[in-house]
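In: sequence plus the predicted model coming up.
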Amino acid sequence: MTETDDALSSLHSAWSRSSRLIVLQAAGGVILLWGLVVYSAYRGHEDAIQARRAVMAQTVSVVQAQASQIFTLLRVTLQTADQWIVRHPKSDPSRDPEFVQLVDGFRKSSGGRVDIRMVTRDNKLAYVPFRADAAATDVSDREYVKAQSDPLRRGFHIAAPVFSRVTKKWGIPVTLPVSSAKGSIAILFGNIELDSLFKSQSDGAEFLALTITWLRNDGIVLARRPFEPKFIGMSVTQSPDWLGRLFQEQSGVFISEKSPVDGRTRLVAFSRLDEYPVIALVSVPLVDVLLPWKRQTTILLFFALLLTAAIGAITFRLIRAVHAGEKASVALEHANQELTILSVTDKLTQVFNRVKLDEILRSEVSRASRYGTALSVALVDLDYFKQVNDVYGHAVGDEVLVRTADVLGRNIRSEDTVGRWGGEEFMIILPHTEPGQAALVAEKIREAVEFENFAKVGKRTASFGVTAFVDGDSEITILARADRALYLAKFKGRNRVVLDAQTPSKPAQKS
């Protein structure tokens, strides 16, 4: 073999080693990329559930308060009606104008959701005002009548739902025995009409999308929205949810693997009423909770595939560059720079992407935990951004996102970090910043966004959720609080800054 052959052989061997190294590096990059994709998808899944848990816990407290208000109003009204009957032992309440006026006033105060009726001493139904078609209706077989004959249950009693033989409607009878032995009336009861119980609630589309249920403490379904008669009066006492959580705990939020009502996997929040034997529940199918996460994950996978294809193309180019000799190192450096930029930069807005934000937030949380330094985080969401895309098109929407990223970047310090969290949502990481200072920074940026004139769409606004690191925080918990604060900002009317209520004025310092 000649020296030339030896040189060619050595050169070929060097090229082969370089090519193998490039392939290994590309494979490592792809593995790292997909590892980050899997991790980000997992984190997004957990964050979506955790964020909705907080919302559900707040929502069920509203439902609990509404239920308690209805039962309290009903109890006071029944007691008032009882006092009236005691004072007028010779009057027929169903025909007395004063009593009829009293009952009509209550019907109006309940928004038409509750009707007052009576049961005579011979167990006949009596309406207010008098209705001849109901006078002959015997209700001695009803639970609400039998309960008042039982010394253990006699008194203010919430009965199982019944289907009225007169009105042909479902209702919840709530009864009270008449305290006087005189007169023809033995039992007063308020009937909560199920077809109109939840119609007056209008707390927003997200609230209306929830399933609302009232359970009696013995597991009987009292009411449910959406209203379906087949579920009314059924018992859930044999379900794993009842045996494991609902029967034993005062309140909570959990995932029901199989709803005892419709068999779907649901996120459920519940809370017992303090004064009444009723449990308020709100639930939503888990698939609906995870729908935004699925959309974001689909987009993430799409870009990961594009990036993988880009890595493959870059790898092929690098191998060709290596075989080109002296240009190999230049091509390799250029490709590595492109790969780095692609992996950490949002293609549209040219700010950091979610993968890089995760990395920076994880590092800052670790630093704050180790050294006790201040750290604040703000989530920013463009208000009514979907309207921009719907009215002006996605190209104009993209211009708004790019301009917003520019406004955010101009109004932060060099040590702060801004990036696109996803969709129309951005994140700002503020190291060495107390929560009060962070709220001021957020307010300054909010005003800058509001002042900015966006081409074609004019003025836009943004909502801000701000929180700060406290001892024991992880990236999940600090983001959950920021997301909760952002939700409250939007719930309160948007175009505002909300500092999370659980955030102290100063973060805890390590001793």
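Out: Nice, thanks for sending it over.
In: now do the same contact list for G422.
Out: G422 sits next to Q296, I299, R354 when contact means CB atoms under 8 Å, 6 or more residues apart in numbering. Where you see a C-beta, it was placed from the backbone N, CA and C, and this is true even at glycine.
In: next, count neighbours for the first one.
Out: Pointing back at Q296 there. If you count neighbours by other CB atoms under 10 Å, Q296 ends up with 19.
In: give the buried residues for the strand or helix carrying it.
Out: Taking DSSP states H and E as the definition, Q296 sits inside helix 291-323. Residues of helix 291-323 classed as buried by neighbour count (16 or more other CB atoms under 10 Å): 293, 296-297, 300, 303-304, 307-308, 310-311, 314-315, 317-319, 321-322.
In: I'd like to know which of the contacts of G422 is nearest to L348.
Out: The closest of the contacts of G422 to L348 turns out to be I299 (CB to CB; 11.6 Å).
In: beta partners of the closest residue to that closest one other than its chain neighbours?
Out: Leaving aside its chain neighbours, I299 sits nearest to G422 (7.9 Å; criterion: CB to CB, 6 or more residues apart in numbering). Under DSSP bridges, the beta-bridge partners of G422 are E425.
In: please begin residue numbering at 47 from this point
Out: Okay, residue one is now 47; in that scheme the one you just asked about reads as G468.
In: quick one: the helices in the stretch 347-496 of the chain?
Out: Ranges of helices in the stretch 347-496 of the chain, per DSSP state H, counting those that start in this stretch, are 374-390, 400-417, 431-438, 440-456, 481-497.
In: turn the ones you listed into a markdown table, including distance to S195.
Out: Listed next are these as a markdown table, based on distance: least, CB to CB, whole Å:
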| stretch | distance to S195 |
| --- | --- |
| helix 374-390 | 75 |
| helix 400-417 | 64 |
| helix 431-438 | 59 |
| helix 440-456 | 67 |
| helix 481-497 | 61 |
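In: I116 is nearest to which of those?
Out: helix 431-438 (35.8 Å).
In: what's next to the closest one, contact-wise?
Out: V442, G443, V446, G469, E470, K502, V503, R506.
In: for those, point out the one with the lowest pLDDT.
Out: Taking the contacts of helix 431-438 together, the minimum pLDDT is found at K502 (87).
In: show me which positions of stretch 235-248 end up buried.
Out: F235, G236, N237, I238, E239, L240, S242, L243, F244.
In: can you tell me the SS state at the closest residue to I162 other than its chain neighbours?
Out: Spatial nearest neighbour of I162, excluding adjacent residues (CB to CB, 6+ apart): V149 at 4.5 Å. Following DSSP: H, G, I helix; E, B strand; the rest coil, V149 is assigned to helix.
In: now S140
Out: coil.
In: list the contacts for it?
Out: S140 is in contact with V146, M164, A172, Y173, V174, P175, F176, counting by CB under 8 Å, 6+ apart.
In: before we move on, what about G81?
Out: Contacts of G81 (CB under 8 Å, 6+ apart): none.
In: what about the helix or strand harbouring it, average pLDDT?
Out: Applying DSSP H and E as the criterion places G81 in helix 49-133. Averaged across helix 49-133, the pLDDT comes to 83.
In: that helix to helix 337-369, inter-axis angle?
Out: 170 degrees (axes from the mean of the first three to the mean of the last three CA atoms, to 10 degrees).
In: helix 49-133 vs helix 400-417, what angle?
Out: Using the same axes, to 10 degrees: helix 49-133 against helix 400-417 is 70 degrees.
In: now do helix 49-133: distance to the chain's middle.
Out: Helix 49-133 has its C-alpha centroid displaced from the chain centroid by 13 Å (CA atoms, centre = their mean, to the nearest Å).
In: check stretch 316-330 too.
Out: The answer for stretch 316-330 is 18 Å, by CA atoms, centre = their mean.
In: then stretch 401-415?
Out: With CA atoms, centre = their mean, you get 25 Å for stretch 401-415.
In: buried stuff in that stretch?
Out: Buried, per 16+ other CB under 10 Å, within stretch 401-415: V401, K402, L403, D404, I406, L407, E410, V411, A414, S415.
In: ok so, going back, least confident of the helices of the stretch 347-496 of the chain, on average?
Out: helix 374-390 (a mean of 62).
In: sorry, back to before: wait, which of the buried residues of stretch 235-248 is closest to E496?
Out: So of those, ranked by how close each gets to E496 (CB to CB), first place is F244, at 36.9 Å.
In: state whether the closest one is indeed within a strand.
Out: No - under three-state DSSP, F244 sits outside any strand and is assigned coil.
In: what's near enough to touch it?
Out: F244 neighbours (CB under 8 Å, 6+ apart): I258, A269, R271, F273.
In: quick one: L403 and L525, what's the gap?
Out: As for L403, its distance to L525 is 10 Å (criterion: CB to CB, to the nearest Å).
In: hmm, I was thinking of S225
Out: 57 Å.
In: follow-up on the earlier one: dump the contacts of S140 into a markdown table; add distance to V69, neighbour count and secondary structure as well.
Out: Formatted as a markdown table, the contacts of S140 follow (distance: CB to CB, whole Å; neighbours: other CB atoms under 10 Å; DSSP: H, G, I helix; E, B strand; the rest coil):
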| residue | distance to V69 | neighbour count | secondary structure |
| --- | --- | --- | --- |
| V146 | 90 | 16 | helix |
| M164 | 87 | 23 | strand |
| A172 | 89 | 24 | strand |
| Y173 | 86 | 19 | strand |
| V174 | 87 | 22 | coil |
| P175 | 89 | 15 | coil |
| F176 | 92 | 14 | coil |
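In: how about L256, what does it touch?
Out: Per CB under 8 Å, 6+ apart, neighbours of L256: T105, V328, S329, V330.
In: count the neighbours of the last one for me.
Out: Put plainly, it is V330. Neighbours of V330 (other CB under 10 Å): 20.
In: ok, then the element right after whichever strand or helix holds it?
Out: Per DSSP H and E, V330 falls inside strand 324-331. Using DSSP H and E, the next helix or strand after strand 324-331 towards the C-terminus is helix 332-335.
In: which outside residues touch that next one?
Out: A94, I95, R98, A255, I301, R310, T311, R312, L313.
In: got the angle for the helix holding Q342 vs strand 324-331?
Out: 30 degrees.
In: mind checking how far helix 337-369 is from the chain centre?
Out: 32 Å.
In: hmm, back to that, name the member of the contacts of L256 with the most neighbours.
Out: Using other CB under 10 Å as the neighbour test, these are led by V328, with 27 neighbours.
In: no more questions from me, cheers.
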